[in-house]
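Engineer: Dropping the sequence and predicted coords here.
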Amino acid sequence: MAVSRGEQEQPRPRPGRPRSEQTRKAVLRATSELMHEVGLRVMTTEEIAGRCGASKATIYKWWPNKYAVAIEALLSEMFVESDDPDTGSVREDFRHVLRGMMRFYNGPSGRVYAQIVGEAQFDPQIAAELSDRLIGPRRQLGRAILDRGIARGELRADIDPEAAIDLIFGAAIYRLVAAHAPLDDDAADAIVDLAVRGLAC
C-alpha cells in the first residue's frame, strides 16, 4: 500500500526514552552510593560515570556539575521519607513531614546535605540548585499544608506563611547544622505542637 506524504512525516516514538530514564536513575543511585562512601567533596563526575556506566557527556547533558546531581539524588531520598500525607489535620500533616525530614537528616544523607548547604554559602550556582530543587519543593509542601489548615479553620488566616514555614522546618535544619539537640520523632512532635498552638485560631 502506498504511504502518503503526511503519513511519512509523522514522528515516530523514540525507543531511547525508557533507556534514558533508566540511565538517569542509575546516575542518581551511583551518586548516592559515592556520597556515602567517599563524601561529597571527594566524589568526582568520573567516578559517578564509571559506577553507573553512563558517559560524562550524558551526565553533563542533564546536570551542570556533581553538586546538581547530588542535590537531585538527595531530593529523591527526602521525598521518600517525607511526602505529603494530607491527613485532614494540619498538626498531623506537619508531624508526618517533620518526622520524615528529621529521619533523613539523622541518616547517612543528612551530613551530605549539611555539606551542600555549606558549599552553597560560597557558590551561587550550588545555592540556586539547592533552592530550586530541594528547598523550594519543601517550602511548597509546607505552604500547601498551611493553606489546607487555614481553609479548614484550624489556623488563623492572617499568619505569615513564610515565617510559619521557617518556624517549623527551620528548627530541623538548625539542629542538623548546630548538632545541639536530637533529630527524632519526639523533637518533631514538640516543635509542631508548639508552632501549631501559636498559629491556631
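Structural biologist: Nice, thanks for sending it over. The shown structure was predicted, so the numbers you read here are calculated from the model rather than taken from an experiment.
Engineer: If you rank every helix and strand of this protein by mean pLDDT, what lands last?
Structural biologist: Every helix and strand of the chain was ranked by mean pLDDT, DSSP states H and E. The lowest is helix 5-8, at a mean of 37.
Engineer: Contact partners for the residue nearest the centre of the chain?
Structural biologist: The centre of the chain sits closest to Leu75, judged by C-alpha atoms, centre = their mean, with a distance of 2.8 Å. Contact partners of Leu75, counting by C-beta atoms under 8 Å, 6 or more residues apart in numbering, are Arg133, Leu134, Pro137. For the C-beta atoms, the positions are set from N, CA and C on the backbone; glycine is no exception.
Engineer: now do Gly53
Structural biologist: Applying C-beta under 8 Å, 6+ apart, the residues near Gly53 are Thr23, Ala26.
Engineer: Glu154: how many residues sit nearby?
Structural biologist: Per other C-beta atoms under 10 Å, the neighbour tally for Glu154 reads 17.
Engineer: Ok, the one 5 residues further on next?
Structural biologist: Per other C-beta under 10 Å, the neighbour tally for Ile159 reads 16.
Engineer: Next, give phi and psi for it.
Structural biologist: Per-residue torsions, Ile159: phi -70, psi 150 (degrees, to the nearest 10).
Engineer: which non-adjacent residue is nearest it?
Structural biologist: Sequence neighbours aside, Leu199 is the residue nearest to Ile159 in space, at 5.4 Å (criterion: C-beta to C-beta, 6 or more residues apart in numbering).
Engineer: isn't that neighbour right next to Asp158, touching?
Structural biologist: No. Using C-beta atoms under 8 Å, Leu199 is not in contact with Asp158, being 10.1 Å away.
Engineer: Please spell out which residues along whichever strand or helix holds Leu34 are buried.
Structural biologist: Element membership for Leu34, per DSSP states H and E: helix 16-37. Going by neighbour count (16 or more other C-beta atoms under 10 Å), the buried part of helix 16-37 is Thr23, Arg24, Val27, Leu28, Ala30, Thr31, Ser32, Glu33, Leu34, Met35.
Engineer: re the thing from before, from Phe169, how far out is the residue nearest to Ile159?
Structural biologist: 14 Å (C-beta to C-beta, to the nearest Å).
Engineer: Can you convert the buried residues of helix 16-37 into CSV and add a column each for pLDDT and distance to Glu162?
Structural biologist: Below are the buried residues of helix 16-37 laid out as CSV (pLDDT from 0 to 100; distance: C-beta to C-beta, whole Å):
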residue, pLDDT, distance to Glu162
Thr23, 93, 38
Arg24, 92, 32
Val27, 96, 34
Leu28, 95, 30
Ala30, 97, 36
Thr31, 96, 31
Ser32, 94, 31
Glu33, 95, 36
Leu34, 95, 35
Met35, 93, 30
